[in-house]
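A.B. asks: predicted model and sequence follow; I will ask about them next.
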Amino acid sequence: MKKTFLLGFLILLVFAIWTYQNQAAENGPAIKILDKQKGVCWVGSPKPLEGWELDVLGSFGVSHISQTPFGWQSDPNLPEIKWEKHTDRMWWGESLTGVEFTTASAREKGIESILKPHLWVRGQWPGAIEMRSEKDWAEWFGQYAEFILYYAQYAESHQIPILCIGTELELTSGKEKEWRDLIGQIRDVFGGELTYAANFTEYEKIRFWDALDYIGIQAYFPLADKNNPDVGSLKNGWNRRIKEIEKVQKKFNKPVIFTEIGYCNTEDAAIEPWVWPNERKEVALSEDVQAACYQAFFETAWQMDWLAGAYFWKWYPQPRDRDPDFTPQNKKAQEVMRSFYTAGF
């Protein structure tokens, strides 16, 4: 009886070791990020900076900023894209002249930049971009390739470490072949790391994460279903989201970046975090809720080994006195951010 039991135990042990080894071979070694990107989304200034505007970032522990030059698409269903190549009518900070100055000024202060070009669609968000024919799809991807390669070449020549190849292009990202072809073109001219900023409703559907260096998520996840939630309920909301993210992270064995994350200073900030401030003007202000959202994030998702960094939307060169708004500047949320950004990792 004892021999039978011992034999059965050994068989189970061998099977368990075999299963573990096969899973490890399939998924690769576990990821543990030791030096997280402590980021904010830098707002391009309408006028040239003097240089001092970035001085305060170091005191908040910020190690990275994302910079966003824009392209413009007048109709989400027509394949015409314009960008700096076609016009100089843009804010200084969103031009390559402004990006270059900001990058150099930030580096002098020990802060690195990532480049995150973004399409601005008139009257819509980029997730509405969708062509009506294969001919138009081919034309759109051709123009988009020219747009993103313009910035990829700039990023390479200025040693930008990370390029975000697209943002919230939710109805385009199902075109897997076209995106893989585009990633190959970008790799030909840019030697740094690549990510794509998928909307929180999009990232689970993307099939080309294996071709990139990071899984990028615009992390505006709903965390509550009522106003004025406490930190405990917000953490519960994050814990549910973390389980969903981990399924994708383990499948592709890539680190994750929250390419954007942010909350307005309003009582309803955690219900639909993506809603623009001008749509919240009738909602009561609350620095406490905004700060609680930051606290819940840092006590949950920020602790994950696979999270390579986060970029808070948004940070102005000069703080603005406008309510409601996403920025944590001069609000309780900035002190929460400071406490965690200066604590380590």
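C.D. replies: It's in.

A.B. asks: measure the closest residue to Trp179 other than its chain neighbours to Glu112 for me?
C.D. replies: Of all residues not flanking Trp179 in the chain, Phe208 sits nearest, at 5.2 Å (CB to CB, 6 or more residues apart in numbering). (C-beta placed from N, C-alpha, C; glycine too.) Distance, Phe208 to Glu112, using CB to CB, to the nearest Å: 25 Å.

A.B. asks: got it, and Leu163?
C.D. replies: Going from Leu163 to Glu112 by CB to CB gives 13 Å.

A.B. asks: with neighbour numbers in mind, choose between those two.
C.D. replies: Ranked by neighbour count (other CB atoms under 10 Å), Leu163 and Glu112 place Leu163 first, with 23 against 16.

A.B. asks: and the strand or helix carrying that one, how far out from the chain middle?
C.D. replies: Leu163 is part of strand 162-167, with elements assigned from DSSP states H and E. With CA atoms, centre = their mean, to the nearest Å as the basis, strand 162-167 stands 9 Å off its chain's centre.

A.B. asks: what's near enough to touch Phe258?
C.D. replies: Phe258 is in contact with Gly216, Ile217, Gln218, Ala219, Ala301, Leu307, Gly309, Ala310, Tyr311, counting by CB atoms under 8 Å, 6 or more residues apart in numbering.

A.B. asks: again, only this time at 10 Å
C.D. replies: 37, 39, 197, 200, 215-221, 245, 297, 301-302, 307-313 (CB atoms under 10 Å, 6 or more residues apart in numbering).

A.B. asks: same check on Lys226?
C.D. replies: Ser233, Glu267, Asp268, Ala270, Ile271.

A.B. asks: one more time with 8 Å, if that's ok
C.D. replies: Contact analysis of Lys226 by CB under 8 Å, 6+ apart lists Ile271.

A.B. asks: kindly report the same for Ile33.
C.D. replies: Pro255, Asp305, Trp306, Leu307, Ala308, Gly309, Phe345.

A.B. asks: buried subset of those residues, written for ChimeraX?
C.D. replies: Applying 16 or more other CB atoms under 10 Å to the contacts of Ile33, the buried members can be selected in ChimeraX as follows:
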select :255,306,307,308,309,345
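
A.B. asks: nearest to Leu182 among the contacts of Ile33?
C.D. replies: Pro255 (21.5 Å; CB to CB).

A.B. asks: okay, the closest one and Trp306: tell me how far apart.
C.D. replies: 6 Å.

A.B. asks: okay, and the common contacts of the two?
C.D. replies: By CB under 8 Å, 6+ apart, Pro255 and Trp306 have these common neighbours: Ile31, Ile33, Gln249.

A.B. asks: related to what we said a few turns ago, helices or strands next to the strand holding Leu163 in the packing?
C.D. replies: Judged by 3 or more CB pairs under 8 Å, 6 or more residues apart in numbering; DSSP states H and E, strand 162-167 is in contact with strand 112-115, helix 134-157, helix 176-189, strand 193-199.

A.B. asks: got a list of contacts for the second one?
C.D. replies: With CB under 8 Å, 6+ apart as the test, helix 134-157 has contacts from 69, 71, 77-81, 83-85, 96, 99, 115, 117, 119, 129, 131, 160, 163, 165-166, 172, 175, 178, 182, 185-186, 189-192.

A.B. asks: report the buried members of these.
C.D. replies: Using 16+ other CB under 10 Å, the buried ones in the contacts of helix 134-157 are 69, 71, 79, 81, 83-84, 96, 99, 115, 117, 119, 129, 131, 160, 163, 165-166, 172, 175, 178, 182, 186, 190, 192.
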